[in-house]
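Engineer: take this sequence and fold it.
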Amino acid sequence: MKTLINNTCPTVTVVSDSPLFDSTTEIETVTENLFLVHIKLKATQKEYPPVCTVEWSIPAVDVHSLWHPGTDRNKAFQVDWGDGFQSKSTSLAPVASLYNLDGRNRLTFAFTDALNNVSIKAGIHEEDSTFLCSVTLFEEAMPKIDHYEATLRIDRRDISYNKALEEVTAWWETLPGYKPSVVPDVALRPMYSTWYSYHQELTAAELEEQSKLAKELGCDTIIVDDGWQTDDNNRGYAFTGDWEVYEGKIPDMKSHVDTVHKLGLKYMLWYSVPFVGKSSKVWSQFENKLLRIDEKLNAGVLDPRYPDVREYLINTYEQAIIGWDIDGLKLDFVDSFRLSPDQQEGTAEGRDHESVPEAVDRLLSDVMERLRAIKPDILIEFRQTYIGPLMRKYGNMFRANDCPNDSIQNRVRTLDLRLLSGNTAVHSDMIMFNPNEPVESAAMQLVNVIFSVPQISLRLNEIGQEYLSMLRFWLAFSRDHGDVLLRGELSPQQPELLYPLVTARKDDTQIIAIYADVIVPVEQDFTQLFIVNGTYSERVVIRSTLSPARYEIQVKDCCGQIISSEIAEMGRGLLEVAVPKAGLVSFKRVDA
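Structural biologist: Residues are numbered from 1 along each chain as shown. Sure thing, here's the model as predicted:
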C-alpha cells in the first residue's frame, strides 16, 4: 500500500515584516505523526506586535474535505488566497481538519491561543496541489508586549477525523485557564424555550401554562427569552441595560418563578450582555464607557475594560439569582465585545485592562465564579458561534445557532458542536414546525437533533394531541437514552454529506440514526440496538457481520405506537425492516 503520510513535521515558519520581534520555533514530537510546534516572539522592549503569520504546507494527497467550527453545511476546500476564518474566545475555535472520504484524518491542527483574534487558513494552492496552512496573529489591535508564546498542534495520524478533534478538545482542557465548567445533570435534559413560540410578546400566565405542559412532555427547564424586560416588542435594543422586569408582562417575578418551580421546572432568563440602550436609565452612566455605538440597534456596546462595567453586569445577574431565585442565564451577543477601527471608543478614564479579549475573559470568568458561589448548579447557555474552549469555562450549555424550522441545518450544527464540546451540554436550536405539517415531517425536527439536548419552542396548548404524542415519545427517548446519546462514543459519518449516518455507543447499547437512504453497518456485538429512521424511505436496510443470534425486534412509528413486534434471528448478511418515516426499530438480544 502506498504510504500517504510519514513521521515528519511540516516545516513551520513565522513571517513578519517587522524587525522589532525575533521569532523562534521548536518542534516537539509527541508520538508518531503528532507534533507540538512551540512558537516564541520576543522584543527588547514593549512594542505593538506586528501582524505575524505562522505557515506551513502539506501535499494535497488523499484529502477530500475540510472541517472547521464555522464550515456549517459547506465542508468544501478553501483556496489559499481566500480569507479563511477568524477565531477568538467568543467566536469559533482555532482548529481545522483535513480528511478523506473514509473519514480518516490527514491533517488536524489547533492552536493554544483561543483568547485573542487569530485567522486560520487551510487553502488549496492550485499551482502545485498543496494545502497552504496558516495561523495569523495580531490583525486586531493589541496592547504593547515584549514577548508572546503559543503552541501549534499538528496531527497527521491515520485516525478518524472525529477522534482527532476529540483529542484536540482534551488537549485544550489541559491548558492553564481552560478548565471547563461543571455541567449539572439538568443541562442534559430537554428544555422549553419561549423565543420562537412567543418572541417578545409573553406574559407570566402564558409562561406558567407552557411550563405545566412542557413538564408533562418531559422538559425540566424553561428558558424565558427576550421580552421579559420591556414593553417594546420591536426586537430592538434601545431599552436594554436596566434589566428590570416589565410588570405589564410579569407583575411579580419572584412569585412567578416560584410557581414554575412548583411545577417542577428550572427557570432561566435571557440577557443581551454587551448592549446598553439609548433609552435605558443607565445610558448616562455608561455612555462614555463604550466600545462603540450601533445606531441600527439604537444601543451601545459596553467596554469590559472598565471594572465598574464588569461589576454592574455581574451584580445584575447576582441580584436576579438572589432576588428571583432563577436557576440560570442565557447570555447572548458576547461576540460583540470587540474594537471597531471605524468607530470611536469611550474616553472615560479608569480602565484596568488594556486588552479587550483579556477583559472579556475576566468578565465571563467572574460571572461563572460568582454565580456558582450563590448557586453551585447554575446553568449558563451560550449560542453558536461563541463555542470555543474558553467558552466552556464561562458556561456549560452550547446551543446551535438559529435555524428556525430547518431540521437539516439543526442536525449539522449540533453535530459540529458535539465534535469540539467534550462534556459541555450541546443543545439544539429550538424545535418549531408549521401546525399543518404531516406529523412525520414535524417529527424530523426532533429526529435530526437526537444526539443533542432538544429545546422546543411551540405553543403546546395549540398544537393538538397528535403532535403532543410525537413530542412526548421523542423527548422520552432523549431522556431515557441520554447517557448513550450524549455521553456515549459518538461517530458522525461523512460531514461533507451533512452526516448521513451517526452512531453513539456506550457499553453494550448502540444507537444509530440515518438521514439518507444508506445501508446500516452493524459490526459490534450489542445487547440493545436502536436505529432511528430520519428519512422518508419506509425501510431500514442492515448489513450485519455478527454471528447469528435471536433478538426481540420492535418497530414504532413517530408517535411511539408499536407497529410490529417479533422474535427473530439476525446474522451475517442483509436484513430489511419496514420502519415508518421518523420511526424507530429496536433490537434486544434474547438469551438462548
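
Engineer: now do the SS call for T71.
Structural biologist: coil (DSSP: H, G, I helix; E, B strand; the rest coil).

Engineer: I'd say it and D416 touch.
Structural biologist: Yes: under the criterion of C-beta atoms under 8 Å, T71 makes contact with D416 at 7.4 Å. For glycine as for every other residue, the C-beta is placed from the backbone atoms N, C-alpha and C.

Engineer: quick check: neighbours shared by the two?
Structural biologist: With contacts taken as C-beta atoms under 8 Å, 6 or more residues apart in numbering, the residues that reach both T71 and D416 are P495.

Engineer: neighbour count winner among the two?
Structural biologist: The neighbour comparison of T71 against D416 (other C-beta atoms under 10 Å) goes to D416, with 28 against 19.

Engineer: where along the stretch 1-150 of the chain do the strands fall?
Structural biologist: 13-15, 22-31, 34-47, 52-59, 65-67, 78-79, 85-87, 95-99, 105-111, 118-125, 130-137, 145-155 (DSSP state E, counting those that start in this stretch).

Engineer: buried ones in stretch 527-546?
Structural biologist: Taking 16 or more other C-beta atoms under 10 Å as the basis for neighbour counts, the residues of stretch 527-546 that come out buried are 528-535, 540, 542, 544.

Engineer: actually stretch 479-499, not the one I typed
Structural biologist: Neighbour-count burial for stretch 479-499, with 16+ other C-beta under 10 Å as criterion, is recorded at 479, 481-482, 484-486, 488, 490, 492-496, 498-499.

Engineer: end to end on it, go ahead and measure it.
Structural biologist: Terminal residues of stretch 479-499 lie 23 Å apart, using C-alpha to C-alpha, to the nearest Å.

Engineer: same question, stretch 100-119
Structural biologist: End-to-end distance for stretch 100-119, by C-alpha to C-alpha: 24 Å.

Engineer: again, but for stretch 517-535
Structural biologist: Span of stretch 517-535 from end to end, C-alpha to C-alpha: 7 Å.

Engineer: now do stretch 16-35
Structural biologist: Stretch 16-35 stretches 23 Å from its first residue to its last (C-alpha to C-alpha).

Engineer: swap in stretch 145-163?
Structural biologist: Stretch 145-163 stretches 36 Å from its first residue to its last (C-alpha to C-alpha).

Engineer: buried stuff in that stretch?
Structural biologist: Buried residues in stretch 145-163, defined by neighbour count with 16+ other C-beta under 10 Å: 145, 148, 150-157, 159-163.

Engineer: again with stretch 429-448
Structural biologist: Of the residues in stretch 429-448, those buried (16+ other C-beta under 10 Å) are 429-433, 439-448.

Engineer: now do the contacts for Y237.
Structural biologist: Residues touching Y237, when contacts are defined by C-beta under 8 Å, 6+ apart, comprise 272, 275, 277, 297-299.

Engineer: secondary structure element for it?
Structural biologist: Here Y237 is covered by no helix or strand, with elements defined by DSSP states H and E.

Engineer: skipping its backbone neighbours, what lies nearest it in space?
Structural biologist: Counting by C-beta to C-beta, 6 or more residues apart in numbering, the nearest residue to Y237 once its immediate chain neighbours are dropped is A299, at 4.0 Å.

Engineer: that neighbour: neighbour count?
Structural biologist: A299: 26 surrounding residues under other C-beta under 10 Å.

Engineer: how near is it to D231?
Structural biologist: Using C-beta to C-beta, to the nearest Å, we find A299 at a distance of 17 Å from D231.

Engineer: show me which of the buried residues of stretch 145-163 is closest to A504.
Structural biologist: Ranked by distance to A504 (C-beta to C-beta), the buried residues of stretch 145-163 are led by N162 at 11.6 Å.

Engineer: would you agree that closest one is in contact with G103?
Structural biologist: Yes: the pair N162 and G103 qualifies as a contact (C-beta under 8 Å) at a distance of 7.4 Å.

Engineer: for this structure, what spans make up the helices?
Structural biologist: Listed in chain order, the helices found in the chain under DSSP state H are 161-173, 195-198, 204-217, 253-262, 283-286, 307-324, 356-374, 391-394, 407-420, 439-447, 465-480, 482-487.

Engineer: can you give me the buried ones in the first one?
Structural biologist: Buried residues in helix 161-173, defined by neighbour count with 16+ other C-beta under 10 Å: 161-169, 171-172.

Engineer: and those, which is closest to V183?
Structural biologist: Nearest to V183 among the buried residues of helix 161-173 is T169, at 14.0 Å by C-beta to C-beta.

Engineer: ok, the closest one to V577 distance?
Structural biologist: Relative to V577, T169 is positioned 36 Å away (C-beta to C-beta).

Engineer: and the least confident helix or strand in the chain by mean pLDDT, which strands flank it?
Structural biologist: Among the helical and strand segments of the chain, the one scoring lowest on mean pLDDT, DSSP states H and E is strand 290-294, with a mean of 93. Each strand paired with strand 290-294, and its direction, by DSSP bridges: strand 299-302 (antiparallel).

Engineer: and the partner strand, how far out from the chain's middle?
Structural biologist: Using C-alpha atoms, centre = their mean, to the nearest Å, we find the averaged C-alpha position of strand 299-302 to lie 25 Å away from the chain's own average C-alpha position.

Engineer: contacts for stretch 438-446 next, please.
Structural biologist: Under the criterion C-beta under 8 Å, 6+ apart, residues 405, 407, 410, 431-434, 454, 466-467, 470-471, 474-475, 478, 534, 536, 558-559, 580-582 lie in contact with stretch 438-446.

Engineer: what about this protein, any weak spots by pLDDT?
Structural biologist: Scanning the chain for pLDDT under 70 picks out 1-6, 233-235, 342-344, 592.
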